[in-house]
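Build me a structure from this.
(one chain, ligands or ions: 1)
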Amino acid sequence: MTEQAAWARLTNPLVARAYHSARYRKLRDFPRSLVIESTSRCNLRCRMCPRGSMTRRAQDMPRALFDSLLDQIAEHDRRDMVDFVALHWFGEPLLHPDLLGFLERAGRRLPNLRRRGHLRSAVRGLCLSTNATLLDSELAQGLLDSPLTWLGLSVDGSSPETYATMREGGVFEQVAANVERLLALGRRHPREFPTIAIQVIVTRTTRPELGACLRRWEKHLAGIPHARVELKPYTDWAGQVCEPELEAPNRRRQFLYLNCGYLWDTMAVGAGGEVGLCCYDVNASHGLGNAGQTPLQEIWHGEPLTALRHRHARGELKELPLCRNCRMGRKYPLDYLWRRRRR
Ligand code: SF4
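Just a heads-up that it's a prediction; the model follows:
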């Protein structure tokens, strides 16, 4: 064992406990953030997405389940306790035939959530992310008129060749035309919401085109309040995706462990009601329960999630393959501290 690894083994549990007790002294009554998968169907096979290994059924969330989730969230929205609700997870939300109806009801039932949108962030308010392949003019107008506070449109690259390295099944020219049409509609009737973010994932293939991406969208974004291009870091989804052609080389490091916070803040509910550990848990495979059978609050305070929180708080991730390989929970690279010590 290297000196670094020995030091990490010694200090990790202590640091994890100290961090945990400082940040999460009291568990919230209900999650602050909710990811609700309006559909788990998708029309693309993106190389950087772990959906290829999804074993859950691909389906649309039934209206009865969505309404029951809204009822439960609304109770906490009344107390202003909910910051973020997203209607996407591992599917393409525009495939859901009643997406606009879902958004309309979410906006009506969760009035306080919309105020959170003033922070203009993808982690506040009522949010939706789409690959924009199905964004015809009717859907574009519907989304602009909906209570959404943030709308993410994925357009990776500024050329068909680069786009094709990422999003198998999508056609760059068509996606770009769909986004341009939505922006033109947005310019015609400027409105405060939604914030519009054209998102580009930074990979080995898109990085050389980032300047061209910014220039390409500049003229289309002009005159639309709160519209912008956002660069998103590449993720390997806690080791579930291995695409060396996309991911920039990353020196393997020893990390100090600090718990990631997801288990104290966020709940992800799949289209069939299955509850995931966090947004990375593509198969919702941790036996946390099903929101179609058990109230969210009961799952939140239930035994399986409580046990997982304790393991996180103690930094015991060995038997949690997803968390063990995840970079979210590792905030301070040990070798950085180590170098500083030796300076
Ligand atoms: S450490 Fe990673 S995989 Fe585990 S709960 Fe946190 S975000 Fe999810």
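
okay, and for the stretch 1-150 of the chain, where does confidence drop off?
By pLDDT under 70, the low-scoring segments of the stretch 1-150 of the chain are 1-2, 4-5, 8-9, 12-13, 16, 20, 23, 25.

For it, what lies in contact range of the ligand?
If contact is defined as C-beta under 6 Å from any ligand atom, none of the residues of the stretch 1-150 of the chain are in contact with the ligand. Every residue, glycine included, has its C-beta placed from N, CA and C.

just the strands in the stretch 51-200 of the chain please.
Listed from the start of the chain, the stretch 51-200 of the chain has strands (DSSP state E, counting those that start in this stretch) covering 84-86, 125-130, 150-154, 167-168, 195-202.

any chance of those in a markdown table, with mean neighbour count too?
As requested, those are exported to a markdown table (neighbours: other C-beta atoms under 10 Å):
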| stretch | mean neighbour count |
| --- | --- |
| strand 84-86 | 24 |
| strand 125-130 | 24 |
| strand 150-154 | 24 |
| strand 167-168 | 18 |
| strand 195-202 | 21 |
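
Now render those as TSV, adding distance to Asp236.
Supplementary listing: those in TSV, determined by distance: least, C-beta to C-beta, whole Å:
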stretch	distance to Asp236
strand 84-86	21
strand 125-130	19
strand 150-154	17
strand 167-168	17
strand 195-202	12
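
Spatially, what comes nearest to Gly139 if we skip its sequence neighbours?
For the record, residue 139 is Leu, not Gly. Nearest-residue entry for Leu139: Leu94, 6.0 Å, with adjacent residues in sequence omitted and distances by C-beta to C-beta, 6 or more residues apart in numbering.

My guess is that neighbour contacts Ser129. True?
No - using C-beta atoms under 8 Å, Leu94 makes no contact with Ser129, being 10.4 Å away.

So which of the strands of the stretch 51-200 of the chain is nearest Thr306?
Minimum separation from Thr306 across the strands of the stretch 51-200 of the chain (C-beta to C-beta) falls at strand 84-86, 22.5 Å.

Output the contacting helices and strands for the closest one.
Judged by 3 or more C-beta pairs under 8 Å, 6 or more residues apart in numbering; DSSP states H and E, the packing partners of strand 84-86 are strand 33-36, helix 111-116, strand 125-130.

To Val282, which of these lies closest?
When the helices and strands packed on strand 84-86 are ranked by proximity to Val282 (C-beta to C-beta), strand 33-36 comes first, at 12.2 Å.

all helices for this structure, in order.
3-23, 63-77, 99-109, 111-116, 137-145, 160-166, 172-188, 210-221, 262-265, 296-300, 303-314, 321-324, 334-342 (DSSP state H).

Quick one, grab the pLDDT at the most centrally placed residue in the chain.
Nearest to the mean C-alpha position of the chain, counting by C-alpha atoms, centre = their mean, stands Cys279 at 6.0 Å. Here, the pLDDT recorded for Cys279 equals 94.
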